[in-house]
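Asks: Coordinates for the following, if possible.
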Amino acid sequence: MAEALRSGRRALQAWSAATSAERGARLVELAERVEGFADHLAKLIGQDTGATMAAARAEVDVVSAALRAVQTVADPASHGRPAVVVVMADASRCFAGLVESAAQVLAAGGVVILKPSLK
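Replies: From the prediction side, this is the model:
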C-alpha cells in the first residue's frame, strides 16, 4: 500500500496540473474504451457477482455515463486542493459504484488508488 501511495502522489502532480478540459477529454477517452469492451466487462461482472448479463451490461452503461458526466467539473481551485483519495465501492454495484465516485475525484484533479478485493 505504501508504494501505491507514493505512485499516487507522483501521478497527482501531473494530473492536477492538467486543465479541467484536458482531464475531461481523458475521461471521455476512458468512457469510449469502456464502451468498446462493454460486452467483455459485463461478462466479467456477471462472473464475479452472479448478475444477469442485462444487469451487468446496465452497470457498464452507468460507468460510461459517469465518466462522460464529469467532464465539465471545474478546476480544482474551486473544489479545494487535489488529493490522493481512497474510494470504496458498494458491493452490489462493484464497477459502477466505484467509477461514479472515482470519476468526480479524477475530474477535479485528484488521484484514486484502487485496492483489489482479497477474493
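Asks: so where do the helices sit in the chain?
Replies: 2-17, 20-36, 38-49, 53-69, 94-107 (DSSP state H).
Asks: Could you single out the most deeply buried of these?
Replies: Counting by mean count of other Cβ atoms under 10 Å, helix 94-107 has the highest mean neighbour count of those, with a mean of 21. Quick note: C-beta positions are derived from backbone N, CA and C, even for glycine.
Asks: Output the contacting helices and strands for that helix.
Replies: With contacts taken as 3 or more Cβ pairs under 8 Å, 6 or more residues apart in numbering; DSSP states H and E, helix 94-107 sits against helix 20-36, helix 38-49, helix 53-69, strand 111-113.
Asks: Those: lowest mean pLDDT?
Replies: When the helices and strands packed on helix 94-107 are compared by mean pLDDT, strand 111-113 comes last with a mean of 82.
Asks: Run me through the strand neighbours of that strand, direction for each.
Replies: Note on strand 111-113: by DSSP bridges, its sheet partners are strand 84-86 (parallel).
Asks: for the partner strand, what is the average pLDDT?
Replies: 63.
Asks: ok, back up a step: of all the helices of the chain, which lies closest to L114?
Replies: Checking these against L114 by Cβ to Cβ gives helix 94-107 as the closest, at 7.3 Å.
Asks: what angle sits between that closest one and helix 20-36?
Replies: With axes from the mean of the first three to the mean of the last three Cα atoms, to 10 degrees defining the directions, helix 94-107 sits at 160 degrees from helix 20-36.
Asks: now helix 94-107: how far from the chain's centre is it?
Replies: 4 Å (Cα atoms, centre = their mean, to the nearest Å).
Asks: Give me the average confidence score over that helix.
Replies: pLDDT averaged over helix 94-107 gives 81.
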